[in-house]
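1. coordinates only, no sequence provided:
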């Protein structure tokens, strides 16, 4: 089974790094990127994730 491609979007760099370390250690997860970029269309085109982890408190 191929790994799910995960993209983390959050303003706090420490939160992004922590989530990447925690989730990237899972067997079927590959963290393809971390960003705080507000241009979601461009970010999705570059990273092509299967799953987004998004800070809902983030206001682009």
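-> Received, thanks. Everything quoted here is computed from the prediction, not taken from an experiment. Residues are numbered from 1 along each chain as shown.

2. pretty sure residue 36 is touching residue 15, no?
-> No. Using C-beta atoms under 8 Å, residue 36 is not in contact with residue 15; the gap is 9.9 Å. C-beta coordinates here come from the backbone N, C-alpha and C atoms, glycine included.

3. return the helix or strand in this structure with minimum mean pLDDT.
-> The weakest-scoring helix or strand in the chain, judged by mean pLDDT, DSSP states H and E, is helix 40-47 (a mean of 90).

4. right, and the helix or strand after that helix?
-> Later in the chain than helix 40-47, the nearest helix or strand by DSSP states H and E is strand 51-54.

5. just checking: what are the partner strands of that following strand?
-> Partners of strand 51-54 in the sheet, by DSSP bridges, are strand 4-9 (parallel).

6. quick one on the thing from earlier: and the contacts of the least confident helix or strand of the chain?
-> Residues external to helix 40-47 that are found in contact with it (C-beta atoms under 8 Å, 6 or more residues apart in numbering): 5, 7, 9, 32, 33, 35, 37, 60.

7. how many neighbours does the closest residue to residue 1 other than its chain neighbours have?
-> Once flanking residues are discounted, residue 1 sits nearest to residue 28: 6.2 Å by C-beta to C-beta, 6 or more residues apart in numbering. Using other C-beta atoms under 10 Å, residue 28 is surrounded by 8 other residues.

8. contacting residues for residue 28?
-> Listed by C-beta under 8 Å, 6+ apart, the contact set of residue 28 reads 1, 2, 3, 4.

9. again, but for residue 19
-> So residue 19 contacts 8, 10, 34, 53 (C-beta under 8 Å, 6+ apart).
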